[in-house]
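Return atomic coordinates for the entry below.
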Amino acid sequence: MSKSVRFHQVGGPEVLKIETVPIPVPGAGEVRIKTKAIGLNRAEVMYRSGAYVSAPVFPAQLGYEAAGIIDAVGDGVDGFEVGDAVSVIPAFSFADYGMYGEDVVAPARAVVKHPRSLSWEMAAAIWMPFVTVWGALIDIAGIAKDDVVVIPAASSSVGLAAIQVARSVGALPVALSRTSSKAEELKDAGAAHVIATAEQDVTAELLRITDGKGARVVFDPVGGPAFEQLAQATAVGGIVFIYGALSPDATPLPLMAVLGRHLTIRGYELFEVTSQDDKLRQAKEFVLAGLASGHFSPRIARTFPFERIVEAHRFLEANAQVGKVVVTVRR
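Next up is the predicted model:
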């Protein structure tokens with residue numbers, strides 16, 4: 001038997017229960033992993049609370065990212081064997097797989113061998129952030145030297161990955177955070193500029209930084225009323241990605257800015273990359289190269305033991321972290 005986190009109704013962190021379940025058996029195209037660390041994501045909070053793009057079917061599982069050791073391989077799997085140290089990339093539905101457990105099954109196409117230099121915690125914190133960023137900023141926007149990239153919610157794991165990816169190609173990342181309390185940490189993480197959205201005029205600051213031209217790319221997981229300020233400070237022909245809805249308020253369409261600046265407003269999600277084998281392969285290669293060169297390094301905000309999964313979710317929802325929240329699994 002094995003321990004797994006499940007929930008039987010939507011709600012706050014307290015609905016998460018650690019339950020004893022049979023050890024899963026990998027089917028064709030799958031591997032079983034003894035987990036060492038689990039990366040937490042905002043999508044899991046939304047799924048647990050009933051605010052995600054899909055509704056949970058109870059008893060529900062969750063978890064997109066994990067790192068551990070393969071201890072069983074299903075039929076038809078090539079390139080992996082028992083004993084391999086691997087990480088899991090979000091490339092599946094919670095209806096089919098969940099990584100919050102001591103023993104988990106994952107589709108082999110969503111698994112990658114990680115560099116031996118990484119700790120288990122870091123290995124569980126890589127793939128969702130950096131693959132998300134690769135798809136938008138590299139594959140679609142094609143950011144390059146001297147491009148200004150605006151990164152709201154910059155202290156999140158995706159925001160920090162976006163800063164590193166932008167820096168790796170010579171672009172200038174502008175980090176947005178609600179207050180100036182995280183400004184020094186964001187600058188230390190590589191941000192060229194930091195704007196405190198609750199303390200400064202975002203549009204005015206972005207236009208000042210860009211000599212009135214505006215930013216070529218905005219990478220926004222927030223939406224809400226502040227979206228209009230971002231559009232007003234996007235360059236002619238620029239692109240604004242919306243890849244989340246952290247704001248509970250409606251997101252206006254600033255029509256005059258969109259028309260006058262010829263903007264592209266682009267809805268985007270990670271699964272555009274991970275659902276396509278060729279895109280997923282390219283993303284893996286890009287991230288592994290960045291890790292090998294030292295340009296990429298996931299930042300861990302805090303770790304919690306598996307038994308404190310409820311507390312870990314509470315901490316994630318408090319929005320106080322800079323980087324990834326990781327749960328460790330000890331046997």
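
how's this protein carved up into domains?
Domain assignment for the chain, taken from automatic domain parsing, gives 2-126+298-328, 128-271.

can you give me the end-to-end distance of the last one?
Okay, so that is domain 128-271. Using CA to CA, to the nearest Å, one end of domain 128-271 lies 10 Å from the other.

next one: stretch 123-142
With CA to CA as the measure, stretch 123-142 spans 26 Å from end to end.

Residue 277 is nearest to which of the domains of the chain?
Relative to residue 277, the nearest member of the domains of the chain by CB to CB is domain 2-126+298-328, separated by 6.8 Å. Bear in mind the C-beta positions are built from the backbone N, C-alpha and C, glycine included.

mean confidence score for that closest one?
Taken as a whole, domain 2-126+298-328 carries a mean pLDDT of 95.

Equivalent analysis for stretch 166-179, please.
Computed over stretch 166-179, the average pLDDT equals 96.

how about it: buried residues?
Residues of stretch 166-179 classed as buried: 166, 167, 168, 169, 171, 172, 173, 174, 175, 176, 177, 178 (neighbour count, 16 or more other CB atoms under 10 Å).

which one of the domains of the chain lies closest to residue 284?
Smallest distance to residue 284 across the domains of the chain (CB to CB): 5.5 Å, for domain 2-126+298-328.

so how far is the closest one from its chain's centroid?
13 Å (CA atoms, centre = their mean, to the nearest Å).

Same check on stretch 186-205?
Between the centre of stretch 186-205 and the centre of its chain there are 21 Å (CA atoms, centre = their mean).

Return that stretch as PDB; C-alpha atoms alone will do.
The C-alpha trace of stretch 186-205 is given here as PDB (Å, rounded to 0.1, in the frame of the first residue of the first chain):
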ATOM      1  CA  LEU A 186      13.800  40.300  -7.900                       C
ATOM      2  CA  LYS A 187      16.800  42.400  -8.900                       C
ATOM      3  CA  ASP A 188      19.100  39.700  -7.500                       C
ATOM      4  CA  ALA A 189      17.100  37.200  -9.600                       C
ATOM      5  CA  GLY A 190      18.000  39.100 -12.800                       C
ATOM      6  CA  ALA A 191      15.200  41.600 -13.300                       C
ATOM      7  CA  ALA A 192      16.500  44.700 -15.100                       C
ATOM      8  CA  HIS A 193      13.700  46.800 -13.500                       C
ATOM      9  CA  VAL A 194      11.100  46.200 -10.800                       C
ATOM     10  CA  ILE A 195       7.800  48.100 -10.700                       C
ATOM     11  CA  ALA A 196       5.600  47.900  -7.600                       C
ATOM     12  CA  THR A 197       2.100  47.900  -9.000                       C
ATOM     13  CA  ALA A 198       0.300  49.200  -5.900                       C
ATOM     14  CA  GLU A 199       2.800  52.000  -5.400                       C
ATOM     15  CA  GLN A 200       3.700  53.200  -8.900                       C
ATOM     16  CA  ASP A 201       2.000  54.200 -12.200                       C
ATOM     17  CA  VAL A 202       2.600  51.000 -14.200                       C
ATOM     18  CA  THR A 203       2.000  52.600 -17.600                       C
ATOM     19  CA  ALA A 204       4.100  55.600 -16.900                       C
ATOM     20  CA  GLU A 205       7.000  53.600 -15.500                       C
END
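
State the helix or strand in which the residue nearest in space to the middle of the chain lies.
By CA atoms, centre = their mean, the chain has its centre lying nearest to residue 129, at 3.5 Å. Using DSSP states H and E, residue 129 falls within helix 127-133.

Now the lengthiest helix in the chain: average pLDDT?
Using DSSP state H to define each element, the chain has its longest helix at helix 277-293. Confidence over helix 277-293 (mean pLDDT, whole number) is 95.
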